[in-house]
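**Q** Please work out how this folds:
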Amino acid sequence: MSETFDTIPDDAVLSGRATDAYFDRTVEALEGAGRNPHVVAEVTADQFPDGEFEVFAGVKDAAALLEGRDLDVHALREGRAFDGGPVMRIAGDYLEFARLETSLLGYLSHASGFASAALHARRAAPDSNVLSFGARHVHPSIAAVVERSALLAGLDGFSHVAAGDVLGREASGTMPHALMLCFGRGNQEAAWRAFDDAAPADVPRVALCDTFTDEKDEVLRAVDALGDDLDGVRLDTTGSRRGDFEHIVREVQWALDVRGHEDVDVFVSGGLGPEELRDLRRVVDGFGVGSAITDANPVDFALDIVAVDGDPVAKRGKLGGVKQVYRTADGAHHVGLADRPGPTDGTPLLEPLLKDGELVREFDLADATDRCLADARRVDY
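**A** Have a look, this model is predicted:
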């Protein structure tokens, strides 16, 4: 354990210590009985397709957890939309991975939930600049998971600095209400100028314009204060004060245009979800989306043994036998037995990830994003 924060260290995860207690009991029982069967286990959320697609994410961390162990693993590509059936298949002696199930499902479930929610935001405003602003709503140890999932789903950037260090991307953001409040009412111009003086040249000059007075008033004051240096304004008006937010934004846009400042972008944030993005995308240039992503439920994955020593098995309510999943020409998801022919127009989606414990796949976030957005269009996400 960390001596300061309640976080689980990497070595505890890799050693299998980050597990549910009953897996320890299972290992003890099997070892005591001298049993270690060869099994095939599958990770699934739903057994059959139901038309509700989700986005598969967390594969990179899952691969790092399983790498180096005597296992063969097949999985969907990250960013793939899925609807029923397995997203991952693990073959090997059960004791090789028994204690890893808890962490494996955590990696896949949380990231897939974030990515699925982020894709709903992306699809709601496909032509707008959409940033992930939700890291403050999650434990800081998983901020990079949130931001990677957001990028995977096609969002244009994120706000968390340390996540950027992990991902090799620069975080985005300009000023919070705290900066405005530190200068005080009537001194908004001083706050905007202080930001302009201190921020690096490559940081867009986006002024927050809703702290003390009417949004239009503060926007026009920001224009006067920063002149041609002003790139945009952000409205983060709390929901209790918004009224008709679209009308407020249109009024601000009109005030800018009539004064010859139509090149100043309007960016909005503050509790926005896909519905608000659809309503506002015609009148704003960009969005910050937070809780709509971080409040997403983790995808309810389970790992189940479906074959033992070559024989199909299943617990009640689950489907025994080794399976394959397919994307058909009409964009549908199909589940079938792996040793039977699939649909004539189907593309198999479970592909090799590890062979004898060796990673046989590379992870490229840009490729995963392209796959995610193409799949979203294909399945009408």
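
**Q** The residue nearest the centre of the chain: what's it in contact with?
**A** Nearest to the mean C-alpha position of the chain, counting by C-alpha atoms, centre = their mean, stands S149 at 2.5 Å. Counting by C-beta atoms under 8 Å, 6 or more residues apart in numbering, S149 touches A57, G58, A111, S112, F114, A115, A118, I293. Any C-beta I mention is one placed from the backbone N, CA and C, and that applies to glycine too.

**Q** The last one is in contact with L119, isn't it?
**A** To tie it back to what came earlier, the one meant is I293. No - counting by C-beta atoms under 8 Å, no contact exists between I293 and L119, whose distance comes to 9.7 Å.

**Q** what do those two both touch?
**A** Contacts common to I293 and L119, judged by C-beta under 8 Å, 6+ apart, are absent.

**Q** any idea which element the residue lying closest to A62 once chain neighbours are set aside lies in?
**A** Leaving aside its sequence neighbours, A62 sits nearest to Y107 (C-beta to C-beta, 6 or more residues apart in numbering; 4.8 Å). Using DSSP states H and E, Y107 falls within helix 101-124.

**Q** what's around R259, how many residues?
**A** 12 (other C-beta atoms under 10 Å).

**Q** residue contacts, it?
**A** Per C-beta under 8 Å, 6+ apart, neighbours of R259: L220, V223.

**Q** roughly how far apart are it and T174?
**A** 22 Å (C-beta to C-beta, to the nearest Å).

**Q** Name the helix or strand of the protein that has the lowest mean pLDDT.
**A** helix 239-242 (a mean of 68; mean pLDDT, DSSP states H and E).

**Q** Pull out the buried residues from the next helix or strand after it.
**A** For helix 239-242, the following helix or strand on the C-terminal side (DSSP H and E) is helix 245-258. Buried residues in helix 245-258, counted by 16 or more other C-beta atoms under 10 Å: F245, E246, I248, V249, R250, V252, Q253, A255, L256.

**Q** if I read this right, the fourth one contacts L280, doesn't it?
**A** This means V249. Yes - V249 is in contact with L280 according to C-beta under 8 Å; the separation is 6.6 Å.

**Q** Convert the C-alpha atoms of the helix holding Y107 to PDB, please.
**A** Output in PDB follows, covering the C-alpha atoms of helix 101-124 (Å, rounded to 0.1, in the frame of the first residue of the first chain):
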ATOM      1  CA  GLU A 101      -9.600 -12.000 -12.500                       C
ATOM      2  CA  THR A 102     -10.500  -9.100 -10.200                       C
ATOM      3  CA  SER A 103      -7.900  -6.700 -11.600                       C
ATOM      4  CA  LEU A 104      -8.500  -7.800 -15.200                       C
ATOM      5  CA  LEU A 105     -12.200  -7.100 -15.000                       C
ATOM      6  CA  GLY A 106     -11.500  -3.700 -13.300                       C
ATOM      7  CA  TYR A 107      -9.200  -2.600 -16.100                       C
ATOM      8  CA  LEU A 108     -11.800  -3.500 -18.800                       C
ATOM      9  CA  SER A 109     -15.000  -2.500 -17.000                       C
ATOM     10  CA  HIS A 110     -14.000   1.000 -15.900                       C
ATOM     11  CA  ALA A 111     -12.200   2.100 -19.100                       C
ATOM     12  CA  SER A 112     -15.000   0.700 -21.300                       C
ATOM     13  CA  GLY A 113     -17.600   2.600 -19.300                       C
ATOM     14  CA  PHE A 114     -15.700   5.900 -19.700                       C
ATOM     15  CA  ALA A 115     -15.100   5.300 -23.400                       C
ATOM     16  CA  SER A 116     -18.700   4.400 -24.100                       C
ATOM     17  CA  ALA A 117     -19.900   7.600 -22.400                       C
ATOM     18  CA  ALA A 118     -17.300   9.700 -24.200                       C
ATOM     19  CA  LEU A 119     -18.400   8.300 -27.500                       C
ATOM     20  CA  HIS A 120     -22.000   9.400 -26.800                       C
ATOM     21  CA  ALA A 121     -20.600  12.900 -26.300                       C
ATOM     22  CA  ARG A 122     -18.500  12.800 -29.400                       C
ATOM     23  CA  ARG A 123     -21.500  11.600 -31.500                       C
ATOM     24  CA  ALA A 124     -23.700  14.300 -30.100                       C
END
